[in-house]
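K.L.:
Only the shape, not the letters, is given here:
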């Protein structure tokens, strides 16, 4: 399967030309975004925990940054 087959799949699924163009620009299909977002969140939390462990940030800074990363989700 080529790297661009998902664009044809998007067309088959009824996505608009604008949606397909956006996907071509970022390199992944909309249904893959949730996995990418989850990994980015995990990576950000891991980096934040590392900073806290190294005492580069205070507990309060850690909690504030964690809340910002998690957004509406519970901590």
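P.N.:
Structure received. Quick caveat: nothing in here was measured; it's all calculated off a predicted structure.
K.L.:
quick one: residue 7 and residue 29, what's the gap?
P.N.:
8 Å (Cβ to Cβ, to the nearest Å). To be clear about C-beta, it is placed using only N, CA and C from the backbone, and glycine gets the same treatment.
K.L.:
try residue 35
P.N.:
11 Å.
K.L.:
Pick out whichever of the two has more residues nearby.
P.N.:
Taking other Cβ atoms under 10 Å, residue 35 and residue 29 do not tie; residue 29 has more neighbours (17 against 10).
K.L.:
Let me see the contact set for the residue nearest to the more buried one when sequence neighbours are not counted.
P.N.:
Computed as Cβ to Cβ, 6 or more residues apart in numbering, the closest residue to residue 29 that is not its neighbour in sequence is residue 6, at 4.3 Å. By Cβ atoms under 8 Å, 6 or more residues apart in numbering, the contact set of residue 6 is 23, 28, 29, 32.
K.L.:
so what sits against both of residue 7 and residue 29?
P.N.:
Common neighbours of residue 7 and residue 29 (Cβ under 8 Å, 6+ apart) are residue 23.
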